[in-house]
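Q: coords please:
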Amino acid sequence: MTLPAGQERPTGRVASPRHPDPWHLNVDLHCHSTVSDGTLAPVEIVRRAHRNGVQAVALTDHDEVGGLAQAAAEAAALGICFIPGVEVSVSWAEETIHIVGLRIDPCNQTLVEGLESVRSGRQARAVEMAEGLARVGIEGAYEGALRHVGNPNLISRSHFARYLVEIGACSDVKQVFQKYLVEGKPGYVPHRWARLEQAVQWLAAAGGQAVLAHPARYRIDETRLWSLVAAFREAGGEGIEVVCGSHTAADAQRFGRWSRDFGLAASRGSDFHDPSESIYDLGRLPRLPDSLEPLWAHWPEVATMRPTLGDG
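A: Alright, predicted model coming up:
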C-alpha cells in the first residue's frame, strides 16, 4: 500500500513527550468500512469522523488493510489525523478474539502475509453457513450476503445478518446473531484464525501496538477472561479497550481497573460499522476516565492537538 504524499507512516515505537491532557482529545481508534463488514467506504468513514469532530481516527477493518490508502488520502485532504490500523481475528481456547493493531506499517510483509493467511477459508466458511441456514428454510443466503459485501474476500456473519434483515427473517442484526449466527445456532460455523501470539508478533513486526478489543463481549467466564488478558500481555500486547461500542458504563469501570492491574494502556473506539446498526457514532462515545493512561498519550501525532471533549 502506498500512502499519499506528505502522509507519514507512524509506528508504535516512536514516542513524544506526554500530551498534557490526552483524556479530552476526541480519538476514535476502532471502526470498519466496506473493505470488511462496515457499510461506508473508507473515504466516507473519514468524512463522517471529521464532521463529528474526531481529531484522530483509526480505520481497523477485519484482517485487511486495503482501505487504508484511500482513508489516509482523504484524512490528509481534510486535515484530520489518520492512524493506520487493522483488527486481527484470533482463535484462543476455542473462542474467537479480536486484536486491534494501531500505527501499523500496512506494507510490512510479515503482516501482509499473516493477514492473507487469516482471510483464506472465509469463502468456504460462508458456503457452510448458507447450507446451515438452508436447512432451516432460509434459501439463497450466500448469494444474498454477497449483495452486502464490499470485499468478497471478507464475507462475514455481518453480511449474512444484513441479508436476513432485508428478507424480514429478523427485525435487526442483533436478533439475527442471537437466533441464527452464534454457537449452537443453524448458521454458525467455527473457523480457525491466527494464534494470539502470532497476531501480536505480526503487529509488532509492522511497528504497531496491539490492543485487546471489546473484552466484555467475549462469552467466557471471569477466570478465562483474566487468563486471556494475561496471555495477551505476556505475548506483548500493549493496550485494552475500555470505552467502546459494546461496553456499558460498568464494563468501562471494570476494564479500567484491569487496565491498571495488567499495566495495559487504555483505548477508546466506537467499533462503528453503520449509522443505524452501531451503538455509538464515530467519536460520539464517552471519554476515558482521568485515572487511566490513554494509549495515545505519547503519540507524536497528537502532541499539538487541543483538547475538545467535555466532561459529559
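Q: pLDDT score for the residue of the chain most remote from its centre?
A: No residue in the chain sits farther from the centre than residue 137, which is 32.5 Å out by Cα atoms, centre = their mean. Listed pLDDT for residue 137 reads 96.
Q: residue contacts, it?
A: If you count contacts by Cβ atoms under 8 Å, 6 or more residues apart in numbering, residue 137 has none. (Each C-beta comes from the backbone N, C-alpha and C, glycine too.)
Q: do you know how far it is from residue 186?
A: 9 Å (Cβ to Cβ, to the nearest Å).
Q: and if you look at residue 94?
A: Computed as Cβ to Cβ, the residue 94 to residue 186 distance reads 20 Å.
Q: how is the protein partitioned into domains?
A: In terms of domains, the chain is parsed into 22-119+193-302, 122-181 (source: automatic domain parsing).
Q: could you dump these into TSV and include distance to residue 311?
A: Shown next, in TSV, are the domains of the chain (distance: least, Cβ to Cβ, whole Å):
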stretch	distance to residue 311
domain 22-119+193-302	8
domain 122-181	30
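Q: which residues touch residue 17?
A: So residue 17 contacts 298, 303 (Cβ under 8 Å, 6+ apart).
Q: quick one: the residue farthest from the centre of the chain and residue 44, what's the gap?
A: Taking Cβ to Cβ, one finds residue 137 at 36 Å from residue 44.
Q: which residues in this protein form strands?
A: 27-28, 56-59, 81-92, 95-102, 194-195, 209-212, 239-244, 265-269 (DSSP state E).
Q: which helices and strands sit right next to the last one?
A: So that's strand 265-269. Applying 3 or more Cβ pairs under 8 Å, 6 or more residues apart in numbering; DSSP states H and E, one finds that strand 265-269 makes contact with strand 27-28, strand 95-102, strand 239-244, helix 249-262.
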